[in-house]
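K.L.:
need a structure here:
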Amino acid sequence: EHQFSKLANMLSRFRVNRRNRIVRRKATCRSNAPVYNSSQRLFSSTRALLEEKKTDEPFDPSKFDIDAMIKSEQEKLGQDEKVDQLKEKEAEKPKGDDKVQDIEKSVGEAESLEFKAETKKILDIVARSLYTDREIFIRELISNSSDAIGKVQHQISAGKDVSDKEQELEIRISVDDVKKRFILQDYGVGMTKEELTQNLGKIGYSGTENYMKLVEDKASTDSLIGQFGVGFYSAFMVGHHVKVYSRSSIPGSPGYVWESDGSGSYSVQEAEGVARGTKIVIQLRENCEEFSVAQNVKDVIKRYSNFIGFPIYVNGERVNSVRAIWLEPPTTVTGEEHKDFYRFISKSSTDEPTFRIHFQTDMPISVRALFYFPSTHIEQYNIGERLEPGVDLYCRKVLIQGKCKGLLPDWLRFIKGVVDSEAIPLNLSREHLQDSSLIKRLNSVLTKRIVRFMEQKLAKKRDDYVRWYGNFEKFLKEGICTDYVHKSNLANLILMESSHSKPGEYTTLAEYVSRMKPDQTEIYYQVANNRQYAEISPYYDSFKKEGTEVLFFYSPIDDFAMTHLADYENKKLVSIEKSTAKKSEDNDKDDSKSLSKEEIQYFTQWFKEALPGKITTVTETDRYTESPCLVVDHESASYRRMRRMAAANNEPEEMPKQQIQINPKHPIIMNLDTLRKDNASQAVYVAEQLFDNALLQAGLLDDGRLMVPRINKLLEMALKNSVKEESAENVENVENAKEEVKEEIKEEKVEFVEFEKQKKED
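P.N.:
Residues are numbered from 1 along each chain as shown. Below is the predicted model:
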């Protein structure tokens, strides 16, 4: 009874102190954690004693040394009070001077320990060779701090006894460009002496990984990042001396300081004034002093750790203000939040996304993804700049690789967004992906999801899709050319005009197939500069006459896309410029309006000889056309232009020999056959012009200015012949007039003789 009375009085004093501190905390907005925690510990002790006393066995006071218990609580309270006072002093500083300071004091003797021989070598590798960029050390230390805070958060939520429960869960960084010092402090789970030795004295030991094995509630550890146990040693990339102050979240734990210069040994010593959590003090090397500048550190944090779930402060200013909305349920994120997030990741203040995909899945692989479809892109301005991949890869909110290549196929480089997956295989430095089939699976899952999304938009929001498609069609057609796996799905997404639709109205391949004639087995298309050129093309004449639908494409890449696609729903895609395209015979069977078979044979032979080195074959066309001749089975005009642009000197290539088809019923061909017999030199000029006209209509003529001298010559000959014909006609008219006069005079003489004769008779 005496012991319990003593304990009750002590508890009463703690309750009074607790109430006083709570009032003062409310007045000053400061934490009341030390007294609260001490009270909680004594309440727990009392409960244990009461439960012991309720048993049937007689109570043995010697079993519980209440005096020792109270003394222990007083010592813990004193230690907590010191820490709380230090925090209050720090909080009273002006905001501009809100820096984490190296104010802890070492007490007792330091215990010096040696790294193992193999550990020394690994430490050297980690510090000098493991990471590509030195700035990565900030990401690694923040990730460790985030894990530490996540662990203590889990302990608090699980109802475990934790020191300083009311301490803010945050990360504070201070840099000093005068002292060349970098300090990072977190108020996380902290470490005991044994944990300091285990975690920092042994490279490759992951405290987070070990913690996750021990925790029963695995869902509560989803935000923890650490995997390999090497991140801390990145501090030696930039620092020649590192100190680590840490105090465990276990109530009553003392603080310790761990020190090393990374050369092969380290020391561990007890320290006073250490807050719960961990503080890392790095004395920077001379060539790493840029990390003592606050703005540089802020930029690195925004690049790699902007979405860490706990506040990060640099010299008192919060840095990470954007939420990782891709991890939140899609239905809870507003449209305005999506706009703000898109502006952040795209670095654009004006562009707004046309579409977005926000999804989360665990099958067949755990993925959290958020993709945006921009409304514009830099490549549409044809300034030679190529887009970089627009999707960043994260692992538990930490950037692993910005503008990650391989995550999506290159033709989807216009997509902006984020992919977060804890199943992604990373190398030791967490900077690069391991070459694994898992990445290919992830690529496949994401690409199929995006393609399926676009198919849904085309079906349900066609007007919006058409507006977006106008700026991004080249990417889809690039995918048809380069992505064999998805090209058949991409074929459903491309749009084009049709000869059966009005200008500006678009159709799809599926819609074309649904309108095909019963006996039609091929899909016909034409690539031209615009609709006007397509409709006056000589290759379109026969299809227009028979009413067969032709698809019109206007982009240079369309030639390549259709060639690579080759067929759609078992229907072959055929350019109407091919000689194998659908034939249409002329209904006019009057052979008097055409060259005879024998004349055609002589004419085609002459035509080839008149243009040496330019023609392989000349044949009679078997399709209806209103043009005198056509080039058939020629190389793609778009391919020829692109090949010319890619050439170093950008000079025209030598024109390959062409296949020519003539229309023997055309007046020009019939008259040319006559001219070649009467005036061979003039006939050659005409043949050359007909050939260039055919090249021009096929889009193969590199420079039309070369025709100008010949056209002038033909005009000269045409005008000269016209003048000669007019002069000859005039001479003929004069002679005819003379003859008429002579006849009139002769008639008048006859009449006069008759008159004289009659006169004499009279």
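
K.L.:
all strands of the stretch 451-600 of the chain, in order?
P.N.:
497-498, 522-527, 551-553, 567-568, 571-575 (DSSP state E, counting those that start in this stretch).

K.L.:
who does the third one touch, helix- and strand-wise?
P.N.:
Using 3 or more Cβ pairs under 8 Å, 6 or more residues apart in numbering; DSSP states H and E as the contact criterion, the neighbours of strand 551-553 among helices and strands are strand 497-498, strand 522-527. Any C-beta I mention is one placed from the backbone N, CA and C, and that applies to glycine too.

K.L.:
so where is the stretch 101-250 of the chain shaky, pLDDT-wise?
P.N.:
Within the stretch 101-250 of the chain, the segments meeting pLDDT under 70 span 115-132, 202-230.

K.L.:
ugh, wrong one, I meant the stretch 251-400 of the chain
P.N.:
Checking the stretch 251-400 of the chain against pLDDT under 70 turns up 382-384.

K.L.:
could you pull out the helices for it?
P.N.:
Assigned by DSSP state H, counting those that start in this stretch, the stretch 251-400 of the chain shows helices spanning 294-304, 335-346.

K.L.:
picking up where we left off before, and the helices and strands packed on strand 551-553, which is most packed in?
P.N.:
Of those, the one with the most neighbours on average (mean count of other Cβ atoms under 10 Å) is strand 522-527, at a mean of 22.

K.L.:
packing partners of that strand?
P.N.:
So strand 522-527, by 3+ Cβ pairs under 8 Å, 6+ apart, packs with helix 509-515, strand 551-553, helix 557-565, strand 571-575.

K.L.:
chain neighbours aside, what residue packs nearest to Leu284?
P.N.:
In space, and not counting its chain neighbours, Leu284 is closest to Lys180: 4.7 Å by Cβ to Cβ, 6 or more residues apart in numbering.

K.L.:
isn't that neighbour up against Asn287?
P.N.:
No: using Cβ atoms under 8 Å, Lys180 makes no contact with Asn287, being 11.0 Å away.

K.L.:
who's more crowded, those two?
P.N.:
Relative neighbour count places Lys180 above the other of Lys180 and Asn287, with 17 against 8, counting by other Cβ atoms under 10 Å.

K.L.:
if I look at that one, how far off is Glu286?
P.N.:
Lys180 sits 8 Å away from Glu286, going by Cβ to Cβ, to the nearest Å.

K.L.:
and for Cys481?
P.N.:
Plainly put, Cys481 is 52 Å away from Glu286 if you go by Cβ to Cβ.

K.L.:
of those two, who's got more company?
P.N.:
Cys481 (17 against 7).

K.L.:
tell me the contacts of that one?
P.N.:
Counting by Cβ atoms under 8 Å, 6 or more residues apart in numbering, Cys481 touches 487, 557, 560-561, 564.

K.L.:
again, 7 Å this time
P.N.:
560-561, 564 (Cβ atoms under 7 Å, 6 or more residues apart in numbering).

K.L.:
circling back: just name the most buried of the helices of the stretch 251-400 of the chain.
P.N.:
Ranked by mean neighbours (mean count of other Cβ under 10 Å), these are led by helix 294-304, with a mean of 18.

K.L.:
export that one to PDB, keeping only CA atoms.
P.N.:
The C-alpha trace of helix 294-304 is given here as PDB (Å, rounded to 0.1, in the frame of the first residue of the first chain):
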ATOM      1  CA  ALA A 294      20.200  26.200 -51.200                       C
ATOM      2  CA  GLN A 295      18.800  26.700 -54.800                       C
ATOM      3  CA  ASN A 296      20.900  23.800 -56.200                       C
ATOM      4  CA  VAL A 297      19.600  21.500 -53.500                       C
ATOM      5  CA  LYS A 298      16.000  22.600 -54.100                       C
ATOM      6  CA  ASP A 299      16.400  21.800 -57.800                       C
ATOM      7  CA  VAL A 300      17.700  18.300 -57.100                       C
ATOM      8  CA  ILE A 301      14.800  17.600 -54.600                       C
ATOM      9  CA  LYS A 302      12.200  18.800 -57.100                       C
ATOM     10  CA  ARG A 303      13.800  16.600 -59.700                       C
ATOM     11  CA  TYR A 304      14.000  13.400 -57.700                       C
END
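
K.L.:
which strands or helices does it pack on?
P.N.:
Contacts defined by 3 or more Cβ pairs under 7 Å, 6 or more residues apart in numbering; DSSP states H and E place helix 294-304 against helix 136-157, strand 171-176, strand 312-314, strand 398-401.

K.L.:
can you list contacts of that helix?
P.N.:
With Cβ under 7 Å, 6+ apart as the criterion, helix 294-304 contacts 135, 138-139, 142, 173, 175, 290-291, 312, 314-315, 319-320, 398-399.

K.L.:
which among those count as buried?
P.N.:
Neighbour counting with 16 or more other Cβ atoms under 10 Å marks 135, 138-139, 142, 173, 175, 291, 312, 314-315, 319-320, 398-399 as buried within those.

K.L.:
format these as a markdown table; extra columns: distance to Ala510.
P.N.:
A markdown table is the format used below for the buried ones among the contacts of helix 294-304 (distance: Cβ to Cβ, whole Å):
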| residue | distance to Ala510 |
| --- | --- |
| Glu135 | 51 |
| Ile138 | 52 |
| Arg139 | 48 |
| Ile142 | 51 |
| Ile173 | 57 |
| Val175 | 60 |
| Phe291 | 57 |
| Ile312 | 51 |
| Val314 | 55 |
| Asn315 | 60 |
| Val319 | 50 |
| Asn320 | 47 |
| Val398 | 44 |
| Leu399 | 41 |
